[in-house]
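[1] Mind looking at a prediction? Sequence and model below.
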Amino acid sequence: MQKTLLALSILSFAAAASAAPDSQETPLHPIKDGRYTVTTGYKHANQKSNDGSKGSIDAFTLYGRADIPLAQQHAVRAELDYAHMSYDFKHNGQTLVDGGKNDVIDLYAGYLYSPSGFKQGGLRVGGGLLS
């Protein structure tokens, strides 16, 4: 189920990115300019600790966001984050976790409303799924 959900989410972001109009400049606020945008990225983290216990974490996150204006004061936002973590943990010389892995998928969809046409902020209402 998680792999299917992740694959469908990535496919939808890829389709939105390929259909996005080609622009030579990045708008300061994509919704205010009446354009929709797709933002993607990657983060990597590696951490080790040695405070009486020894532990290490290696993690990466893939993320994407699509902002789709519907009218002057209305818009839709969709976000997807996928994180993968690998970790080890020792305490007093005894291995408690060796090669632990954790995958997290976070989906969000929301509606944005701004009486000022996104010039002075607005209201965002939505819901998400975390697995």
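    It's in.
[2] Which helix or strand lies directly C-terminal to the lowest-mean-pLDDT helix or strand in the chain?
    None of the helices or strands of the chain scores lower by mean pLDDT, DSSP states H and E than helix 2-19, at a mean of 58. Once the chain leaves helix 2-19, the next helix or strand it forms, by DSSP states H and E, is strand 37-50.
[3] I'd like the mean pLDDT over that following strand, please.
    Mean per-residue pLDDT for strand 37-50: 87.
[4] Ok, stretch 60-67 next?
    Stretch 60-67 carries an average pLDDT of 89.
[5] For it, report the contacting residues that lie outside it.
    Stretch 60-67 is contacted from outside by 10, 13, 16, 30-31, 36-45, 75-84, 112, using C-beta atoms under 8 Å, 6 or more residues apart in numbering. Every residue, glycine included, has its C-beta placed from N, CA and C.
[6] Could you rerun that using 6 Å?
    13, 16, 30-31, 36-44, 77-84 (C-beta atoms under 6 Å, 6 or more residues apart in numbering).
[7] got it, and stretch 106-124?
    29, 31-32, 72-75, 77-81, 125-126, 128-130.
[8] Next step: those residues restricted to strands.
    Judged by DSSP state E, strands contain the following of the contacts of stretch 106-124: His74, Ala75, Arg77, Ala78, Glu79, Leu80, Asp81, Val125, Gly126, Gly128, Leu129, Leu130.
[9] How confident was the prediction at the nearest residue in space to Leu130 that is not next to it in sequence?
    Nearest residue to Leu130 in three dimensions, chain neighbours excluded: Asp106, at 5.1 Å (C-beta to C-beta, 6 or more residues apart in numbering). pLDDT recorded at Asp106 is 92.
[10] give me the beta-bridge partners of Asp106?
    Judged by DSSP bridges, the bridge partners of Asp106 are Asp81, Leu130.
[11] For it, the count of nearby residues, please.
    Asp106 is flanked by 15 other residues according to other C-beta atoms under 10 Å.
[12] I am finished for the moment; much appreciated.
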